[in-house]
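Engineer: Structure for the following, please:
(one chain, ligands or ions: 1)
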Amino acid sequence: MEYNLKELRKKIIADKKDYESFKKTYLGTDGFVKKALDNIKDIPKEEKASYGKEINDIKQLCIDILEKKRVGVTQKNNEKIDPTAPFDINTAKDKRPEILDLKGSKHPIHKEVERFIEIFKSMGFDVMESRQLDDDYHMFESLNFPKGHPARDMYDTFWTEDNFVLPAHTSTMQNRAMKEFGPPPIRAVLPGRCFRNEATDASHEHTFYQIEGVYVDEGISVGNMQATIKAFLEAYLEKELEVRIQPSFFPFTEPDCEFVIGCPFCSKAGCSVCGHSGWIELMGCGMIHPNVLSQAGIDPEKYSGFAWGFGVDRLTMIKLGIDDIRYLRDSNLNFLKQF
Ligand SMILES: [Zn+2]
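Structural biologist: Residues are numbered from 1 along each chain as shown. The predicted model follows:
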């Protein structure tokens, strides 16, 4: 047996297998190390201790070699290694993990956000980024959710121990935007990251991006809202769209609407993008509630306005033909390299 372990050690050192097959051959459930360990029952009692120790050493050797294989460092004799260098310096070019040869690029979500902002800027909108941690006032009070309002439960989000909230929507920025860009006319878009306490699936994520819009001036109507959102969507999707609004519910708008477009991919015949309904619900919108205007110091008797909030992820998925929202957070290079 002593002899066998020496042979095993030699075999391990000489083995040039890649990471996965090396791991399976030696450390797998049927691997050599496991088999050698099983043999311990046949070893004479007085040799058991030294045999066991030798197996442990061999196991550690395998782990060390695996670690080197993992970082792509080849085991060449006499090769000098500079432990202070970035790890890729010592790696033979053909053994380098592919990631080292990739140049950085923007995430598809960020590229689309830039495109959205470019369109809104061309339409005369100001831009203010939303916060990733906000307070009860901006999440609820300023948006016409008084304390104890049942609609607060629609937004199941995350709270910190000192009572800050991870925003469940970019509407948290409406009050700030109206104060920052007021007095009217106000035209602003408010991109940002949102968080919900959600179970994830192909169309739901706990973290996603929204772009909020607010438009306040004298004599603003639902017709202005519909025309503005339509103009933006047609510029983004580069298609003429059939649009409609249908009733919805938000405490911070009155009336509350859902903005719906005729599916631009199947001309309403029904396809996988529109769930074979011919229509796609794209965003919540509505006329800003008078209480929300008052909270921002705007006289609702004199001014009116509309607001919307749409999911960047959802629109990006529709434009780029992505069928699972989770791909957008996966950091999977094979996915990201396509964009
Ligand atoms: Zn369709």
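
Engineer: Can you name the residues of the stretch 151-300 of the chain that neighbour the ion?
Structural biologist: Selection of the stretch 151-300 of the chain residues close to the ion by Cβ under 5 Å from the ion yields 263, 265-266, 271, 273-274. For every residue, glycine as well, the C-beta is placed using N, CA and C.

Engineer: just checking, what packs against the host helix or strand of residue 24?
Structural biologist: According to DSSP states H and E, residue 24 maps onto helix 19-27. Judged by 3 or more Cβ pairs under 8 Å, 6 or more residues apart in numbering; DSSP states H and E, the packing partners of helix 19-27 are helix 32-38, helix 45-70.

Engineer: out of those, nearest to the ion?
Structural biologist: The ion lies closest, by Cβ to the ion, to one member of the helices and strands packed on helix 19-27: helix 45-70, at 45.4 Å.

Engineer: and the angle from the closest one to helix 19-27?
Structural biologist: 180 degrees (axes from the mean of the first three to the mean of the last three Cα atoms, to 10 degrees).

Engineer: Mind listing the strands the helix or strand hosting residue 194 pairs with, and their directions?
Structural biologist: Secondary structure from DSSP H and E places residue 194 in strand 186-195. The strands beside strand 186-195 in its sheet (DSSP bridges) come out as strand 126-127 (parallel), strand 207-217 (antiparallel).

Engineer: Buried residues in the longest one, which are they?
Structural biologist: Buried residues in strand 207-217, defined by neighbour count with 16 or more other Cβ atoms under 10 Å: 208-216.

Engineer: Show me what the closest residue to residue 242 other than its chain neighbours bridges to in the sheet.
Structural biologist: Among residues not flanking residue 242 along the chain, residue 262 sits closest, at 3.5 Å (Cβ to Cβ, 6 or more residues apart in numbering). Beta-bridge pairing for residue 262 (DSSP bridges): residue 279.

Engineer: what are the ranges of the strands in the protein?
Structural biologist: Listed in chain order, the strands of the chain (DSSP state E) span 126-127, 186-195, 207-217, 243-247, 253-262, 279-288, 304-311.

Engineer: Any chance of a markdown table for those, columns mean pLDDT and distance to residue 297?
Structural biologist: Below are these laid out as a markdown table (pLDDT from 0 to 100; distance: least, Cβ to Cβ, whole Å):
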| stretch | mean pLDDT | distance to residue 297 |
| --- | --- | --- |
| strand 126-127 | 96 | 17 |
| strand 186-195 | 96 | 12 |
| strand 207-217 | 95 | 11 |
| strand 243-247 | 95 | 28 |
| strand 253-262 | 94 | 19 |
| strand 279-288 | 94 | 13 |
| strand 304-311 | 96 | 13 |
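
Engineer: now the ones you listed in TSV, with distance to residue 57?
Structural biologist: Listed next are these as TSV, based on distance: least, Cβ to Cβ, whole Å:
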stretch	distance to residue 57
strand 126-127	62
strand 186-195	49
strand 207-217	46
strand 243-247	71
strand 253-262	67
strand 279-288	63
strand 304-311	56
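
Engineer: Of all these, which one is nearest residue 295?
Structural biologist: With Cβ to Cβ as the criterion, residue 295 lies closest to strand 279-288 of the strands of the chain, at 10.2 Å.

Engineer: so which of the helices and strands packed on helix 19-27 is the most packed in?
Structural biologist: When the helices and strands packed on helix 19-27 are scored by mean count of other Cβ atoms under 10 Å, the highest mean neighbour count falls to helix 32-38 (a mean of 16).

Engineer: What is that one packed up against?
Structural biologist: For helix 32-38, the packing partners by 3+ Cβ pairs under 8 Å, 6+ apart are helix 2-14, helix 19-27, helix 45-70.

Engineer: for residue 322, what are its contacts?
Structural biologist: Shown in contact with residue 322 (Cβ atoms under 8 Å, 6 or more residues apart in numbering): 316, 328.

Engineer: and the gap between it and residue 272?
Structural biologist: Residue 322 sits 12 Å away from residue 272 when distances are taken as Cβ to Cβ, to the nearest Å.

Engineer: now swap in residue 135 and tell me
Structural biologist: From residue 135 to residue 272 the distance is 41 Å (Cβ to Cβ).

Engineer: Of the two, which one has the most company?
Structural biologist: residue 135 (15 against 10; other Cβ atoms under 10 Å).

Engineer: Now the residue nearest to that one when sequence neighbours are not counted, what are its backbone angles?
Structural biologist: Distances taken as Cβ to Cβ, 6+ apart place residue 164 nearest to residue 135, at 6.0 Å, with adjacent residues excluded. Per-residue torsions, residue 164: phi -100, psi 160 (degrees, to the nearest 10).
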